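**Student:** Can you look at this prediction? I've put the sequence above it.
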Amino acid sequence: MPSAGPVPFEGGRRSVRFVPMSAAPGPQPSGPGPDRPADPFASSDAPYYAPGWEAPAVPTEPTAWVSVVVGALGGGPLALVLGLVARARVRSRGRRGGRLALAGIALGVLGTLAWTGVVLGSVLTSRAERPLAGDVDAPREVHAAQLVTGVCLAELPPDGPVDSVSAVPCADPHAAEVVTQYAFSRDAIWPGQESADARVAAACALSPAEVEQGVRPVTWAPTEESWGRGDRTGLCLATVEGGGITGSFLDGSVTLP
């Protein structure tokens, strides 16, 4: 091999020096290393935010808030539905508000149970105070507000507020019978207990023959408490000392002891 040296060429001289292959530069690593600092401008798959900026906050599902507010205001069934809707949206849309939705559901369940109790109690009370059709076919316990003309009672309760009584068929021995009713105006103002008693008593009149036979009237008027519940009916009952009446005063089949 010729030694390195000046090589003549047209137009002048050129100095040529052979470089050993072992000294030739090889491929360099592209990534950072101990001798190569990281490139601050290199591309990356991770999102980059300028200094002072943060990733946007995950929004809260608004229906969750609405369910809690409605539940707190007593709208049980509606709060329950809104809570379930909010729970589904939180899961499907990746939003915040899961605990709020659960709170709305809980309030909705409690409110729904409360409303159910109120409605059920109202229905039962309405049925318990539904007026009777008249004379009963068999002995039964009834509320005083159910009594109407023609109902016979096994016995008279003591003086004072009356709640439940025992109604029996008028053909059986009984102590009294409802013979008349007095209706107060539905929009009337509470007149006071003495005035209410007097009005009912004035409408409770027996025939002279009944009075001679020892029949006496007993009046039941609404109390202030029952008036507040809508009671506007006064009752006049015919009774005799010791009871033992059979038949009805209304159809003339009565037999006194």
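**Tutor:** It's in. Computed from a predicted model, the values in this text were never measured in an experiment.
**Student:** all helices for the stretch 51-200 of the chain, in order.
**Tutor:** 62-72, 76-93, 98-128, 193-202 (DSSP state H, counting those that start in this stretch).
**Student:** what's the longest one packed up against?
**Tutor:** Packed against helix 98-128 by the contact rule (3 or more CB pairs under 8 Å, 6 or more residues apart in numbering; DSSP states H and E) you find helix 62-72, helix 76-93. No exception for glycine: its C-beta is placed from N, CA and C like everyone else's.
**Student:** ok, P173 - how many residues close by?
**Tutor:** 14 (other CB atoms under 10 Å).
**Student:** Kindly report the same for V68.
**Tutor:** 25.
**Student:** repeat for V66
**Tutor:** Neighbour tally, V66, other CB under 10 Å: 18.
**Student:** show me the contacts for it.
**Tutor:** Contact partners of V66, counting by CB atoms under 8 Å, 6 or more residues apart in numbering, are L82, A86, G104.
**Student:** In CSV: those residues, plus pLDDT and neighbour count.
**Tutor:** Formatted as CSV, those follow (pLDDT from 0 to 100; neighbours: other CB atoms under 10 Å):
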residue, pLDDT, neighbour count
L82, 92, 24
A86, 90, 28
G104, 90, 31
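**Student:** State the distance from V218 to A154.
**Tutor:** 14 Å (CB to CB, to the nearest Å).
**Student:** same deal with V162?
**Tutor:** The value you get for V162 to A154, if CB to CB is used, is 14 Å.
**Student:** Can you read off the pLDDT for G52?
**Tutor:** Note on G52: pLDDT of 58.
**Student:** check contacts around L206.
**Tutor:** By CB under 8 Å, 6+ apart, the residues touching L206 are V179, V215, R216, P217, A238.
**Student:** Once you drop chain neighbours, what's closest to the fourth one?
**Tutor:** It refers to P217. Using CB to CB, 6 or more residues apart in numbering and skipping residues adjacent in sequence, the residue nearest P217 is C204, 4.5 Å away.
**Student:** And the first one, by the same measure?
**Tutor:** In space, not counting the residues next to it along the chain, V179 is nearest to A238; the distance is 4.8 Å by CB to CB, 6+ apart.
**Student:** List of residues touching the helix or strand hosting the one you found?
**Tutor:** Applying DSSP states H and E as the criterion places A238 in strand 233-239. If you take CB under 8 Å, 6+ apart as the criterion, strand 233-239 is touched by 145, 147, 153, 156, 175-184, 196, 199-200, 203-204, 206, 210, 215-222, 245, 249.
**Student:** need the contact list for the residue nearest to A138 when sequence neighbours are not counted.
**Tutor:** Counting by CB to CB, 6+ apart, the nearest residue to A138 once its immediate chain neighbours are dropped is P169, at 6.9 Å. P169 makes contact with D135, V136, D137, A138, P139, C152, according to CB under 8 Å, 6+ apart.
**Student:** Please report the distance of P169 from G244.
**Tutor:** Taking CB to CB, one finds P169 at 15 Å from G244.
**Student:** before we move on, the earlier item: so which of the contacts of strand 233-239 sit within strands?
**Tutor:** 153, 176-183, 216-220 (DSSP state E).
**Student:** Reformat these into a markdown table and put pLDDT and distance to P191 next to each item.
**Tutor:** What follows is the ones in strands among the contacts of strand 233-239, written out as a markdown table (pLDDT from 0 to 100; distance: CB to CB, whole Å):
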| residue | pLDDT | distance to P191 |
| --- | --- | --- |
| L153 | 95 | 26 |
| A176 | 94 | 25 |
| E177 | 95 | 27 |
| V178 | 95 | 22 |
| V179 | 94 | 23 |
| T180 | 93 | 19 |
| Q181 | 93 | 17 |
| Y182 | 94 | 12 |
| A183 | 93 | 14 |
| R216 | 93 | 25 |
| P217 | 93 | 20 |
| V218 | 93 | 20 |
| T219 | 93 | 15 |
| W220 | 93 | 16 |
